[in-house]
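Engineer: curious how this folds, go ahead:
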Amino acid sequence: MESISGVSAGPFRGLKDALSEWTILQKKLVHTLGSEDAPWWYNERASISTFAAAVWLTGGVALKECMTSKKSLDKIIPLPSETEVAA
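Structural biologist: Numbers count the residues shown, from 1 in each chain. Here you go, the predicted structure:
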């Protein structure tokens with residue numbers, strides 16, 4: 001099983017390019033931020049964010065969930081229906 005900097009795609013061969021880019025991106029981040037900081041020293045969000053960037057950079061599609069605080073449900077403006085848009 002081929003590995004890139006200790007990271008292997010295992011049976012998920014479609015992830016090989018993204019994993020390779022992920023290791024390159026990690027090295028770039030450490031080089032840019034200096035040895036005083038690294039994304040893997042943080043929580044899972046930092047790792048998922050850099051992996052999502054690697055997937056995107058290799059031509060994939062990446063969606064990352066981010067939590068936000070909502071104000072009030074009664075202030076939501078409804079979206080127009082398809083019939084209203086067509087009119």
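Engineer: low-confidence ranges in this structure?
Structural biologist: Across the chain, the ranges flagged by pLDDT under 70 are 1-5, 69-87.
Engineer: what ranges does it have for its strands?
Structural biologist: Along the chain, counting by DSSP state E, strands occupy 3-4, 7-8.
Engineer: in its sheet, what does the last one sit against?
Structural biologist: Within its sheet, and counting by DSSP bridges, strand 7-8 is paired with strand 3-4 (antiparallel).
Engineer: now do the contacts for residue 45.
Structural biologist: Neighbouring residues of residue 45 by C-beta atoms under 8 Å, 6 or more residues apart in numbering: there are none. Every C-beta, even on glycine, is put in place using the N, C-alpha and C of the backbone.
Engineer: and it, how close does it get to residue 39?
Structural biologist: Here the criterion is C-beta to C-beta, to the nearest Å. By it, residue 45 lies 10 Å from residue 39.
Engineer: could you do residue 66 as well?
Structural biologist: Separation of residue 66 from residue 39 (C-beta to C-beta): 16 Å.
Engineer: ok, the two, which is more surrounded?
Structural biologist: Remark: of residue 66 and residue 39, residue 39 carries more neighbours, 17 against 6, as counted by other C-beta atoms under 10 Å.
Engineer: that one and residue 50 touch, don't they?
Structural biologist: Yes. Residue 39 is within contact range of residue 50, at 5.2 Å (criterion: C-beta atoms under 8 Å).
Engineer: pull up the overlap in contacts between the two.
Structural biologist: Contacts common to residue 39 and residue 50, judged by C-beta under 8 Å, 6+ apart, are 26, 29.
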